[in-house]
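Undergrad: Using only what follows, build the 3D model:
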Amino acid sequence: MIQKFITSWSGGKDSCYAMILACNTGAEPVGLLSMMEENDDYSRSHRLSSSLLSAQAERLNLPLFFGHAAWKGYEEEYIKQLIKARNQTGANAVVFGDIDLQGHRDWAERICSLPEVTMQPLFPLWESERRIIVERMIKAGQKAMIVSCNSGLGKSFLGRTLDKQTLTDIENAGADVCGEHGEYHTFVFDCERFSSPVAIHLGECHKVLLETPSSTSDHYWYIDVAPTA
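TA: Presented below is the predicted three-dimensional model:
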């Protein structure tokens, strides 16, 4: 049976490349699911607007499902929207962009195994060597820009497109090259499955105190990004 899948979609490099690899196995993408702030029009962590995420979905010709929740209600809302996406698209699988954080995989597998969900979790990037997998993304033509980063990397990394020099600079700054521990987040503005690139405008940079699921916090830098008309 051909797998029809929903991608757990952040708008960043990992979820996008995981979707592409799943497609390369013959599976069929039928939708995207993005989680947003509880009372805001921006995604969690990446802080991408719904208009940016919608621009990506339009270029993939896929429906996009939004969930809105604080961290406290995140899981309940995620399950609700996943069931909605499954019922509307006929999906039987979910693609996740996790690489090697076991706790993330355990959560995804538990969610997908719930009786009310019953979908197969797929992890196309799992246990890939971190630098190699990002280099493969770049080689495949995926273009991703750093749109947020922690205080360890700092403001100077905002707006930079991922390439080999940027990867080296990230490593030299003492951060994980893949950003697996939240050191930075990206927005994919072009890839092999987009019908056309997403034209974007960069605005001001902001430093904010970001709450995490573990109830700790860290200062993060964000750059305002908007699709151009």
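Undergrad: from here on, contacts and neighbour counts on C-alpha atoms
TA: OK.
Undergrad: Output the longest helix belonging to the protein.
TA: Ranked by residue count under DSSP state H, the longest helix found in the chain is helix 74-89.
Undergrad: and after that one, which helix or strand comes next?
TA: strand 93-95 (DSSP states H and E).
Undergrad: ok and the helix or strand just after that next one relative to helix 74-89, angle-wise?
TA: Note on strand 93-95: by DSSP H and E, the next helix or strand toward the C-terminus is helix 102-113. Going by axes from the mean of the first three to the mean of the last three C-alpha atoms, to 10 degrees, helix 102-113 is angled at 50 degrees with respect to helix 74-89.
Undergrad: and helix 102-113, C-alpha only, in PDB?
TA: C-alpha atoms of helix 102-113 as PDB (Å, rounded to 0.1, in the frame of the first residue of the first chain):
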ATOM      1  CA  GLN A 102      15.400   9.900  21.200                       C
ATOM      2  CA  GLY A 103      13.000  11.900  23.400                       C
ATOM      3  CA  HIS A 104      11.500  13.500  20.300                       C
ATOM      4  CA  ARG A 105      11.100  10.200  18.500                       C
ATOM      5  CA  ASP A 106       9.500   8.600  21.600                       C
ATOM      6  CA  TRP A 107       6.900  11.400  21.700                       C
ATOM      7  CA  ALA A 108       6.100  11.100  18.000                       C
ATOM      8  CA  GLU A 109       5.800   7.300  18.200                       C
ATOM      9  CA  ARG A 110       3.500   7.500  21.300                       C
ATOM     10  CA  ILE A 111       1.300  10.100  19.600                       C
ATOM     11  CA  CYS A 112       1.000   8.100  16.400                       C
ATOM     12  CA  SER A 113       0.200   4.900  18.300                       C
END
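Undergrad: Pull the distance from that helix to the chain's centre.
TA: How far helix 102-113 lies from its chain's middle: 16 Å, per C-alpha atoms, centre = their mean, to the nearest Å.
Undergrad: buried ones in it?
TA: For helix 102-113, a neighbour-count test (16 or more other C-alpha atoms under 10 Å) marks R105, A108, E109, I111, C112 as buried.
Undergrad: now these in CSV, with distance to L202 and pLDDT?
TA: Listed next are the buried residues of helix 102-113 as CSV, based on distance: C-alpha to C-alpha, whole Å; pLDDT from 0 to 100:
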residue, distance to L202, pLDDT
R105, 33, 96
A108, 33, 97
E109, 37, 98
I111, 36, 98
C112, 37, 98
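Undergrad: re earlier: can you list the residues that contact the longest helix of the chain?
TA: Contact partners of helix 74-89, identified using C-alpha atoms under 8 Å, 6 or more residues apart in numbering, comprise 6, 30-31, 33, 35, 65-69, 91-92, 111, 116-117.
Undergrad: when you check those against the strands, which ones overlap?
TA: I6, V30, G31, L33, M35, F65, F66, G67, H68 (DSSP state E).
Undergrad: Fine by me, we can end here.
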